[in-house]
Structure formats: C-alpha cells, structure tokens
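Visitor: Output the structure for:
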Amino acid sequence: MSVVVMGVGYCGSFPTSGGHSYRELIARAAAMAYQDANITPEEVDGAVSVEEDFVSGYSIADEYVPDQIGMVRKPVYTIAGDFLHGICSAVMQLRTGQFQTVVVEAYSKASNILTKDELINFAYDPIFNRFGVSPHYLAGIEMRSFMDRYGVDSQTIASVAAGSRTLALANPLAPYGEKLAVDDVLGSRPVAEPLTELMIARPADAAVVAVLGIGPEAAERASHPITISGTGWNSANSIIERRDHSFSEATERAALMALGEAELDIEEVDVFYLADLYAHRLLMHQLALNLPPEPLPFVNPDGGAQGTGDLFEATSGPRFFDAVRMLREEAGAHQMEDAEVALVHGWRGLPTDSCAVVVLEG
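Guide: Take a look at the predicted model:
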C-alpha cells in the first residue's frame, strides 16, 4: 500500500524567536499539520521525533515533545539525524502494518545557542580532527577538492549562493532572502578559503511537522494527499581521511535507492530540493544526481537553506514542506508549472556525508 503525506505544518523561519519557545514552535507547526491533514491528534498512532540532545540542550530531549504533538502515552521514536531520515523511518513503521498514521517532527531553536560553531566542532573526532580552527575547515577542503576535480570556479559557486538568496525573496518563509551579486559573496569574510561567509547558510529557528498515512483510507481522508513513492538513505565513510571530499557518494546511493523504489529515472523528476548548507555542496549533490554543476531553475526554487536557514536536524524540513506545496500547486510566487514529481534530499551536515532522499508524486 502507498504511504501518503496527509498534511504538513511549518512555523518559521526566524533569525530569532524570542516570542516563542521551542515548544510553542512545535505546537503551532503541529496544529497546522493536523488541520492540513483533516485529522485530530487523537487519531494519530505514533510519532517520529528528530532531535539531538546536544543541540537541544536537554538529556532525552524527545521527552519534551509528546505534549506539543498530542502523543501522550503513545509511542514516540527518536531519530538523531536529518528530518528526511525521520520521514524514511516513519514510512518503514507504516509499512509494518502496526500503524495507520504517524507524525514526524523536527525543530531548531538556534537563537538559544551562543556558540553555534562548537556544535560542528563537537562532531569531529576529538583526537585527530579538532585543530583549534574554524570547524568549517572541512567545507573549505571540500570546496577546493570539488573545484579542482570538476573545473568549477569560485564565481560559479558564488553565483549559487547569490542566486539562492535572490530566489528566497519570493518565499515569505525565508528570512534570509536578499539581492546579492557574485562579488558580494566573493568579497565577504573568508572563513576557510576559498569558502566565504555568504556561502554558508545562517542559523534560524523553526519547527516542521508532517502527518503520514498509509492506504486508500489515508488518501481519501486527506484533502490534498501526496504519495511518497520512494525513500533512500546512505552514509559514506565517517573517517574523513578516507573519504572523497569532491563527491557525495551517500547522495548518489540514497538517490539510486529512492528512485529504484519509485521506479523512476532521474529525467522524470520535475523539481529537486537539495541540501545547500554550503553553496558548493548544492553543486556536489547535483553532480551525484547526474545533473550539471551549475545553477539550475528547477533546483531549490524556494531559495533552499541559504534562504530559510540552517535548522540543524530540521534543515530539510522546509524543503519537504515546499515540495508538498509545490506538487499541490500551492507554492505561491515560486510555483513551477506542471510539477508532478519532486525529489527531496537531506544532508546531516559536517563532518558527515550522511544523506537521505525522498521521492514525492502529486
């Protein structure tokens, strides 16, 4: 039986959200998702919570989630990964036959964190990979390796960052939309040469919730159901000295898995939502999907994470939200004509090459 997206909710993004606690962000996104799905929390069988204790600042952070999404005394399964990893987990749970509806939740309260770069630094091996420099150093290595191997220049990568921020001006949910030129990006503060500050997505606060169901009952219940026709995930070598830093092997393998399950070729996908926490990473992910390493009009029409921000575990959530809205023809100013198949990609962030891919059909 087919798994469908019954409803989605999104509260954000905000550079800072002093007027909302993280619980209020989650509760608002959940209320939106349940209304969109034409369902009540009491009818949901379980949930997948996507958080990392260290980022949230609490031990067993998922214990602070059930109230907001209406899962009191119901199973809540936690994924310490990207939002799309949570979607993949929920799909598997639904296919066991033990659940009819599952909700997936993730959030970011980046404005509560004083030393955001230390989160990245903490993820590196404490003996071999913490050098007392910017933890974005690996992104600089990736960017240089990618440029050297594929003949891509820094102007092309800067045009990706500038183009994404400009596209985000058409997305009311993207706080970092602005009119940028290539020279603005290249001339911004160096972080880890050739990487500059405006090539990196800025942190933001948000919460995203998706309600998934299985079978014809779920499709009939939802006002605008979207089918999840394929899921895939993969993680490349965690030892960064043994990894190819010019290519995202995990993206390639996760996409092959998802497209294989969906029985689709890459040419049949109409719109792509790809992880772009760093501008060069967007081009790396395009290459892994056999797309050319250049700005493309059907990739991240919402402005990507460059526009909506780095939301930690929830970063791919706005891409998933926008993909659902795009296939419903509800994307507003950046709506694409005849978009029927969307591929959504999520990356866990540095220092990993851990990725997930979901294929949606309208």
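Visitor: Next, the contact list for the nearest residue to Leu327 once chain neighbours are set aside, please.
Guide: With Cβ to Cβ, 6 or more residues apart in numbering as the criterion, Leu327 has its nearest non-adjacent residue at 3.3 Å, and that residue is Gly362. C-beta: built from backbone N, CA, C; applies to glycine. Taking Cβ atoms under 8 Å, 6 or more residues apart in numbering as the criterion, Gly362 is in contact with 226-227, 327-328, 339-342.
Visitor: Of those residues, just the buried ones, ChimeraX syntax please.
Guide: Remark: buried members of the contacts of Gly362, expressed as a ChimeraX selection using 16 or more other Cβ atoms under 10 Å:
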select :226,227,327,328,339,341,342
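Visitor: just the contacts of Gly362 now: which is nearest Pro66?
Guide: Ile226 (25.9 Å; Cβ to Cβ).
Visitor: Now do the helices in the stretch 1-150 of the chain.
Guide: 22-37, 53-56, 66-69, 83-95, 117-123, 137-150 (DSSP state H, counting those that start in this stretch).
Visitor: which of the residues in the third one are buried?
Guide: Spelled out, that is helix 66-69. 66, 68-69.
Visitor: export these to JSON lines and tack on pLDDT?
Guide: Formatted as JSON lines, those follow (pLDDT from 0 to 100):
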{"residue": "Pro66", "pLDDT": "90"}
{"residue": "Gln68", "pLDDT": "93"}
{"residue": "Ile69", "pLDDT": "95"}
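Visitor: what's the spacing between stretch 241-250 and its chain's center?
Guide: Relative to the chain's own centre, stretch 241-250 is displaced by 20 Å; criterion: Cα atoms, centre = their mean, to the nearest Å.
Visitor: average model confidence for it?
Guide: For stretch 241-250, mean pLDDT is 97.
Visitor: about what we covered before: of the helices of the stretch 1-150 of the chain, flag the one that's most buried.
Guide: Mean neighbours per residue, mean count of other Cβ atoms under 10 Å, is largest over those for helix 83-95, with a mean of 25.
Visitor: Which residues outside it are in contact with it?
Guide: So helix 83-95 is contacted by 1, 3, 46, 48-50, 77, 79, 99-106, 208, 210, 212-214, 228, 231-233, 313-317, 320, 344-346, 348, 356-358 (Cβ under 8 Å, 6+ apart).
Visitor: ok, now stretch 114-127?
Guide: By Cβ under 8 Å, 6+ apart, the surrounding residues in contact with stretch 114-127 are 54-55, 110, 113, 130, 134-136, 203, 312, 349-352.
Visitor: Straight-line length of it, end to end?
Guide: 24 Å (Cα to Cα, to the nearest Å).
Visitor: worst average pLDDT in the helices of the stretch 1-150 of the chain?
Guide: Across the helices of the stretch 1-150 of the chain, helix 53-56 gives the lowest mean pLDDT, at a mean of 85.
Visitor: Distance from that one to the middle of the chain?
Guide: On the basis of Cα atoms, centre = their mean, helix 53-56 sits 18 Å off its chain's mean C-alpha point.
Visitor: ok, which stretches of the protein are strands?
Guide: Taking DSSP state E, the strands of the chain run over residues 3-14, 46-50, 76-79, 101-109, 190-192, 195-196, 205-214, 226-235, 271-273, 341-347, 354-361.
Visitor: quick one, which of those is nearest to His334?
Guide: Comparison of those against His334 by Cβ to Cβ identifies strand 271-273 as nearest, at 10.1 Å.
Visitor: Point out where this structure drops to low pLDDT.
Guide: Applying pLDDT under 70 to the chain flags no residue at all.
Visitor: From the centre of it, point out the most distant residue.
Guide: Most distant from the centre of the chain: Ile127, at 29.7 Å, with distances by Cα atoms, centre = their mean.
Visitor: What's the separation between that residue and Ser238?
Guide: Per Cβ to Cβ, to the nearest Å, Ile127 is found 14 Å from Ser238.
Visitor: Over to Gly140?
Guide: 20 Å.
Visitor: Then Cys355?
Guide: Cys355 is 13 Å from Ser238, by Cβ to Cβ.
Visitor: who has more neighbours, these two?
Guide: Each of Cys355 and Ser238 has its neighbours counted (other Cβ atoms under 10 Å); Cys355 has more, 30 against 12.
Visitor: Next, the contact list for the closest residue to the more buried one other than its chain neighbours, please.
Guide: Sequence neighbours aside, Ala250 is the residue nearest to Cys355 in space, at 4.1 Å (criterion: Cβ to Cβ, 6+ apart). Residues near Ala250 by Cβ under 8 Å, 6+ apart: 234-236, 347, 353-355.
Visitor: likewise Ala305?
Guide: Ala305 sits in contact with 201, 275-277, 311, 315, 318-319, where contact means Cβ under 8 Å, 6+ apart.
Visitor: hmm, try it at 7 Å
Guide: 201, 275-277, 315 (Cβ atoms under 7 Å, 6 or more residues apart in numbering).
Visitor: Helices - which of the residues you listed land there?
Guide: Nothing among the contacts of Ala305 maps onto helices, per DSSP state H.
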